[in-house]
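> take this sequence and fold it.
(2 chains)
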2 protein chains.
Amino acid sequence: MQYRFSKNIENTPKSFIREILKLTQTPEIISFAGGLPNKKYFPVEEMREATNRVLSTGGDALQYSTTEGYLPLRQYISDRYKLRGLDIPVDEILIVSGSQQALDLIAKVFIDTDDSIIIEEPSYLGAIQAFTLFRPQFHAVKLEDDGVDTVALEETINRTKAKIFYTTPNFQNPTGLTYSLEKRIKTTDVLKRTETVFVEDDPYGELRFIGEHLPTLKSFAHDNGILLGSFSKVVAPGLRLGWVCANKIIMDKLVTAKQAADLHTNYFAQRVIHQYLTDNSIDTYIKKISDGYKGQRQAMVEALKKEMPAGIKFTEPEGGMFLWVTLPESCKAMDLFHIATKHKVAFVPGEPFYADGRSSNAMRLNYSCSDEETIRIGVKRLADAIKEYMG
Amino acid sequence: MQYRFSKNIENTPKSFIREILKLTQTPEIISFAGGLPNKKYFPVEEMREATNRVLSTGGDALQYSTTEGYLPLRQYISDRYKLRGLDIPVDEILIVSGSQQALDLIAKVFIDTDDSIIIEEPSYLGAIQAFTLFRPQFHAVKLEDDGVDTVALEETINRTKAKIFYTTPNFQNPTGLTYSLEKRIKTTDVLKRTETVFVEDDPYGELRFIGEHLPTLKSFAHDNGILLGSFSKVVAPGLRLGWVCANKIIMDKLVTAKQAADLHTNYFAQRVIHQYLTDNSIDTYIKKISDGYKGQRQAMVEALKKEMPAGIKFTEPEGGMFLWVTLPESCKAMDLFHIATKHKVAFVPGEPFYADGRSSNAMRLNYSCSDEETIRIGVKRLADAIKEYMG
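All right, here's what the predicted structure looks like:
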């Protein structure tokens, strides 16, 4: 029979990365294409103990719960922000099924078809996908080394009347770039002046291994900012636990959307992670991951410096899981991708990080999932592929 | 500052039940307003053992996973349907974060603003809420004692070109009504003839305690039907685990929507429930719950027969968690609600189960969460309230 699907879904492409990962899942390929945290750091035994403690008190953790989420977990998040000097009351925190769900809820709450929204260029492809389902007009503003181009941002807001600016100020996926303090202030000045809501996606913020933590954009513009956080990169992604911070007027809408979406986030997982966070030092654990990732990042940066031919640029991230390699302008990362798989190395070509799907001369490399020796071998293979491609 | 929310969200009401439950959460009120499974039946110790087994093999269960869901869990669901004579291949099963999420994904895949959809009258309020976010035109077709009015269904489909018919054939929430075999055949004949997609929501199907299991609508019209299932009522709702069965063309779209919504459902919970299902007999467990609910249902039906004044009708469900009480036409259940709370008993007035929010002379009573003695006392209080209201 013939199905009559919505324009919303017909308009939404499948995940590009998902398709690409299928091509690279053979053991002989060294893949920098993934985006996973490193499994070897997961606190498995601690989570097992936390689960036993939660279930030893009866079946409460298996029952339906509130849409907003487990109150002590929200309190924990609020307290942790306070340590960083950010005041987020508990009732401005909503637990969601990973940050990805926050993007879906925000899209529901703000976007009607053809509304304008602004993203960084390049931007996180999961956000592009979540927003695309609601058919906005995307406007991209270039990311400079120290954050978004604020002159272009203000011009674009004024021209398009955009409802939302979506940003990842810390160790952005895909570029690894971080906003400077000055750029944070300039950006929020623009957003306040133009009364624009911004979505500050911060899944990697805790994973800083070079330099000092910088204040969130939200701390400069509380009522404009929707701040997203996640336990996926600092505890375990399989639990799908994230959160949204927004002021009460926005929160009221988000809660309605959340309830329609899935009633509430897995309560068992909320209870288990809260028990884990109560019984263990998250800072000790974060230090362990950060130390590991820092070594892997160093290995990748050094290998790139050593192996890459002239004309290749790359970012040197201060945290997070990714860096961004830019080929000369005439190159196409997608063409290189096919040569690279012959050299048994994989990456994500830049295309999916642009809302218009343009062809790109850049690529994303992940360093969180490979050990240092593998990184060195993989970068060597990548350099060989680039040399072959550039002739 | 002024926020510019979407028309989608401005159009979506908060959950009525949620607001009402706040009024009834004092210990002296006997509440038939909830919709929770009975916590005393949760397999807490078995779940603890399952978790320990899953985490004893390492951290795999804490990592990101596939959008479609854990393959052995999907296989389990497929095998279980096979025992009932229904052939659903594994690749036509998607794990979702509770059936509620299935409704959200289906809305995304089928509904553009002003598309027509058909619901039963009355219908499940969670479905009305999920669909409302996408601003369809709702058309309601009356539910008769043995299922939907099929003549009106066909006329409505032809008149409105509706894209979807949403139905709960087993022990419907809110009415407790069940489609007869004859009505299942007649209904699917209409849906096939008119090439209409239907959503068959079946969270309670396993909880039949009177009569024989009847075939799903999907078994009569495979390509038209999207069948939803859930572990919330037969294992534990806190895990937020449900599934969708749809043919490959529809599944492809649902997977894209699922990925944009939350990447995938909590993988840890999927692994734990699969371990639980592997190590325990779900049938033994379902029998335990069903026996308990059957006694509670009997207690409620008998108390209603004994206590209710003339002119009050009620359904006698063969399974599930709810029954439906209808007052004389001139009555308003919402007015009765306020009198009932004075008599220390609560229920859900019919309003939220109608897409047009009309005032209703009916109410939903839940029997799964109260013991038999409490049910008898509560029904007596309700009868007193009705007598006071009807003067």
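
> for the rest of this, base every contact and every neighbour count on C-alpha atoms.
Fine.

> quick check: longest helix of chain A.
Secondary structure of chain A per DSSP state H: the longest helix is helix A:282-307.

> name the next helix or strand downstream of the helix or strand bottoming out on mean pLDDT in chain A, please.
Every helix and strand of chain A was ranked by mean pLDDT, DSSP states H and E. The lowest is helix A:16-24, at a mean of 71. Per DSSP states H and E, the first helix or strand lying C-terminal to helix A:16-24 is strand A:30-31.

> who are the packing partners of the next helix or strand after that following strand?
Later in the chain than strand A:30-31, the nearest helix or strand by DSSP H and E is helix A:44-55. When contacts are defined as 3 or more C-alpha pairs under 8 Å, 6 or more residues apart in numbering or on different chains; DSSP states H and E, helix A:44-55 packs onto helix A:267-279, helix B:44-55.

> turn the ones you listed into TSV, columns for mean pLDDT.
Below are these laid out as TSV (pLDDT from 0 to 100):
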stretch	mean pLDDT
helix A:267-279	97
helix B:44-55	96
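
> helices of the stretch 201-350 of chain A, residue ranges please.
Here the stretch 201-350 of chain A has its helices, by DSSP state H, counting those that start in this stretch, at A:248-262, A:267-279, A:282-307, A:333-342.

> may I see the buried residues of the shortest one?
Looking back up the chat, that one is helix A:333-342. Residues of helix A:333-342 classed as buried: A:333-334, A:336-341 (neighbour count, 16 or more other C-alpha atoms under 10 Å in any protein chain shown).

> same check on stretch A:183-191?
A:183-191.

> go on, stretch A:167-176?
A:167-176.

> stretch A:372-379 too?
Result for stretch A:372-379 [16+ other C-alpha under 10 Å]: buried residues A:372, A:374-376, A:378-379.

> can you give me the end-to-end distance of stretch A:203-217?
14 Å (C-alpha to C-alpha, to the nearest Å).

> report pLDDT for whatever residue of the stretch 151-300 of chain A ends up closest to chain B.
Proximity to chain B, evaluated over the stretch 151-300 of chain A using C-alpha to the nearest C-alpha, is greatest for A:Gly238 at 4.2 Å. pLDDT, A:Gly238: 92.

> what's the spacing between it and A:Ala269?
In terms of C-alpha to C-alpha, A:Gly238 sits 10 Å off from A:Ala269.

> what is the neighbour count of the residue nearest to A:Asp112 when sequence neighbours are not counted?
Spatially, and ignoring its direct neighbours in sequence, A:Asp112 is nearest to B:Ser6 (5.4 Å; C-alpha to C-alpha, 6 or more residues apart in numbering or on different chains). For B:Ser6, the tally of surrounding residues (other C-alpha atoms under 10 Å in any protein chain shown) stands at 20.

> next one: the one 5 residues further on
Residues lying near B:Asn11 (other C-alpha under 10 Å) number 13.

> pretty sure it sits against B:Leu133.
Yes. Counting by C-alpha atoms under 8 Å, B:Asn11 touches B:Leu133, with 6.9 Å between them.

> is A:Thr57 part of a helix or strand, or is it coil?
State at A:Thr57, reduced to three classes by DSSP: H, G, I helix; E, B strand; the rest coil: coil.

> for it, grab the count of nearby residues.
Neighbours of A:Thr57 (other C-alpha under 10 Å): 10.

> retrieve the pLDDT associated with A:Thr67.
pLDDT at A:Thr67 comes out at 94.

> contact partners for it?
A:255, A:258-259, A:263-265 (C-alpha atoms under 8 Å, 6 or more residues apart in numbering or on different chains).

> between those, which has the most around it?
That'd be A:Thr265 among the contacts of A:Thr67, by other C-alpha under 10 Å, with 34 neighbours.

> please enumerate the helices of the stretch 51-200 of chain A.
A:71-83, A:99-110, A:125-132, A:150-160, A:181-193.

> if we can go back for a sec, so which of the buried residues of stretch A:372-379 sit within helices?
Short answer: the buried residues of stretch A:372-379 in helices (DSSP H) are A:372, A:374-376, A:378-379.

> how about CSV for the residues you listed, with distance to B:Lys248 and pLDDT added?
Compiled in CSV, those are given as follows (distance: C-alpha to C-alpha, whole Å; pLDDT from 0 to 100):
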residue, distance to B:Lys248, pLDDT
A:Glu372, 42, 97
A:Thr374, 39, 97
A:Ile375, 39, 98
A:Arg376, 42, 98
A:Gly378, 37, 98
A:Val379, 39, 98
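
> from these, pick the one nearest A:Phe314.
A:Val379 (12.4 Å; C-alpha to C-alpha).

> check contacts around A:Gln129.
Going by C-alpha under 8 Å, 6+ apart, the list of residues near A:Gln129 reads A:12-13, A:15, B:260.

> can you pull the pLDDT of it?
Value listed for A:Gln129 in the pLDDT field: 94.

> and if you look at the one 3 residues further on?
At A:Thr132 the predicted local confidence, pLDDT, stands at 96.

> where does the residue nearest to it when sequence neighbours are not counted land in three-state SS?
Nearest in space to A:Thr132, with sequence neighbours left out and distances taken as C-alpha to C-alpha, 6+ apart, is A:Thr12 at 5.9 Å. Under three-state DSSP, A:Thr12 falls in the coil class.

> return the residues in contact with A:Thr12.
With C-alpha under 8 Å, 6+ apart, A:Thr12 has these contacts: A:129, A:132-133, B:256.

> could you do A:Glu121 as well?
A:Glu121 touches A:140-143, A:353-354, counting by C-alpha under 8 Å, 6+ apart.

> figure out how far stretch A:351-367 is from the centre of its chain.
For stretch A:351-367, the separation from the chain centroid amounts to 15 Å (computed by C-alpha atoms, centre = their mean, to the nearest Å).

> do stretch A:346-354 as well
The answer for stretch A:346-354 is 15 Å, by C-alpha atoms, centre = their mean.

> now the end-to-end length of it.
With C-alpha to C-alpha as the measure, what separates the two termini of stretch A:346-354 is 20 Å.

> contacts for that stretch, please.
Counting by C-alpha under 8 Å, 6+ apart, A:16-17, A:20, A:24, A:29-34, A:121-125, A:128, A:174, A:333-334, A:337, A:340, A:357-366 sit against stretch A:346-354.

> filter these down to the buried ones.
Judged by 16+ other C-alpha under 10 Å, buried ones among these: A:17, A:20, A:24, A:29-34, A:121-125, A:128, A:174, A:333-334, A:337, A:340, A:359-366.

> alpha carbons only: can I get stretch A:299-317 in PDB?
Extracted in PDB, the C-alpha atoms of stretch A:299-317 (Å, rounded to 0.1, in the frame of the first residue of the first chain):
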ATOM      1  CA  ALA A 299      49.400  11.700  20.500                       C
ATOM      2  CA  MET A 300      47.100  12.800  17.700                       C
ATOM      3  CA  VAL A 301      48.200  16.400  17.600                       C
ATOM      4  CA  GLU A 302      51.900  15.400  17.600                       C
ATOM      5  CA  ALA A 303      51.300  12.800  14.900                       C
ATOM      6  CA  LEU A 304      49.500  15.300  12.800                       C
ATOM      7  CA  LYS A 305      52.300  17.800  13.200                       C
ATOM      8  CA  LYS A 306      54.800  15.100  12.200                       C
ATOM      9  CA  GLU A 307      52.900  13.400   9.400                       C
ATOM     10  CA  MET A 308      50.700  15.900   7.600                       C
ATOM     11  CA  PRO A 309      51.900  17.400   4.300                       C
ATOM     12  CA  ALA A 310      52.000  21.200   3.900                       C
ATOM     13  CA  GLY A 311      48.700  23.000   3.500                       C
ATOM     14  CA  ILE A 312      46.800  20.900   6.000                       C
ATOM     15  CA  LYS A 313      45.500  22.700   9.100                       C
ATOM     16  CA  PHE A 314      44.000  21.200  12.300                       C
ATOM     17  CA  THR A 315      42.700  22.400  15.600                       C
ATOM     18  CA  GLU A 316      44.400  21.700  18.900                       C
ATOM     19  CA  PRO A 317      41.500  21.300  21.400                       C
END
